[in-house]
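Enquirer: Here is my input, please return the structure:
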Amino acid sequence: MTFLSQVPSAAISSASPSDYFSLLKPRVMSLVIFTALAGMLLAPVPVNPIVGFASLLAIAVGAGASGALNMWYDADIDAVMKRTAKRPIPLGRVLPQEAQAFGLTLTLLSVFTLGVVANWLAAAFLAFTIFFYVVIYTMWLKRSTPQNIVIGGAAGAFPPMVGYVAATGQFSLSSFILFAIIFIWTPPHFWALALVRSEDYRQAGIPMMPNVRGSDHTRLEILLYTLVLVPVGVLPWLFGFTSLAYGIISITLGGTMLFFAARVFAVRTGPQADRHAKALFGFSILYLFLLFAEIVIERLIPIVASFVAQVIG
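Expert: As a prediction, this is how the structure comes out:
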């Protein structure tokens, strides 16, 4: 019997606004906004500030819709994992059917809004992103293959492309490179956490790489993906989409992440092994944030400078 089947259909919800906000997975949503903004700022034409803000808001709501639908479907496994047991649905604060209705409503709202304020290609791509995360990853891959986070990671890598399409109405090599960075970054990022939480995933019946192929194989995969990530992270500079500053930062960050990954590969037993995996997980977040922050900052500086000059002039 699953968690969902144990919840009475006539139960009364005790949800607060904060419970519904947590359904949106705000940390993930903030990353989506940030990476979508980077994709939008790479557009060769300036974006109307109102259109840009409304587009980012729609993309953020779409990400929140994905999170709510993910928590609705995964409520049974969330209830048995320490990391997720205190989410609103396992705690009984939000009913599964409420989370489902909330997620579907936000999906329709976000897709329609993006279509109206930006263009319908971006709206269709956002709809596909939500579908990919909820149906392809959550409902299928997550419970069926240790490659779940590899293929499913595409959903988290789409936002820069959605942002670029919202700004231009078309796809580009620059937005695809940003997609590739996040796509290749995702496995070493999540597998570092999975090494530490392998027992949690085992109890939930999720076939994460350490549970299926073993920790040694997972450490090798982490190292191999990081070796690919390092040069891919430099591509925006090599293709001329960013400045030399980005090139220096990406090479420095890439080398540091490779060091952390190599240490995870080398130290496989004892308390040091878990500490190194946690360190890699933490640094991987910093790696992605700083790469995209550099893009956002260097693209925003001339825009802000131009605005200030107009105001002063």
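Enquirer: now F171: how far from G240?
Expert: Distance of F171 to G240, given as C-beta to C-beta, to the nearest Å: 18 Å. (C-beta placed from N, C-alpha, C; glycine too.)
Enquirer: if you count what's nearby, which of the two comes out ahead?
Expert: F171 (14 against 8; other C-beta atoms under 10 Å).
Enquirer: Which secondary structure state does that one sit in?
Expert: coil (DSSP: H, G, I helix; E, B strand; the rest coil).
Enquirer: tell me the contacts of it?
Expert: By C-beta atoms under 8 Å, 6 or more residues apart in numbering, F171 lies in contact with 161, 164-165.
Enquirer: which ones among those residues are found in helices?
Expert: 161, 164-165 (DSSP state H).
Enquirer: Confirm for me that T129 is in contact with A58.
Expert: No - between T129 and A58 there is no contact under C-beta atoms under 8 Å: 11.8 Å.
Enquirer: Let me know the closest of the ones in helices among the contacts of F171 to L109.
Expert: V165 (18.9 Å; C-beta to C-beta).
Enquirer: Name the helix or strand for the nearest residue to that closest one once chain neighbours are set aside, please.
Expert: Sequence neighbours aside, A122 is the residue nearest to V165 in space, at 4.3 Å (criterion: C-beta to C-beta, 6 or more residues apart in numbering). Assigned by DSSP states H and E, A122 falls within helix 120-131.
Enquirer: Which SSE is immediately downstream of that helix?
Expert: helix 148-157.
Enquirer: domain assignment for this protein?
Expert: The record's domain split for the chain, according to automatic domain parsing, is 19-171, 173-313.
Enquirer: Turn the ones you listed into TSV, columns for mean pLDDT.
Expert: Shown next, in TSV, are these (pLDDT from 0 to 100):
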stretch	mean pLDDT
domain 19-171	96
domain 173-313	95
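Enquirer: coming back round to it: out of the contacts of F171, which comes closest to Y246?
Expert: Of those, the one sitting nearest to Y246 (C-beta to C-beta) turns out to be Y164, at 16.9 Å.
Enquirer: how near is that closest one to P44?
Expert: For Y164, the distance to P44 - C-beta to C-beta - is 10 Å.
Enquirer: The two: which has the busier surroundings?
Expert: Higher neighbour count among Y164 and P44: Y164, with 28 against 9, using other C-beta under 10 Å.
Enquirer: Enumerate every residue touching that one.
Expert: 39-40, 42-43, 171-172, 174-175.
Enquirer: what about the residue lying closest to A154 once chain neighbours are set aside, which helix or strand?
Expert: Of all residues not flanking A154 in the chain, F183 sits nearest, at 5.9 Å (C-beta to C-beta, 6+ apart). Element membership for F183, per DSSP H and E: helix 173-196.
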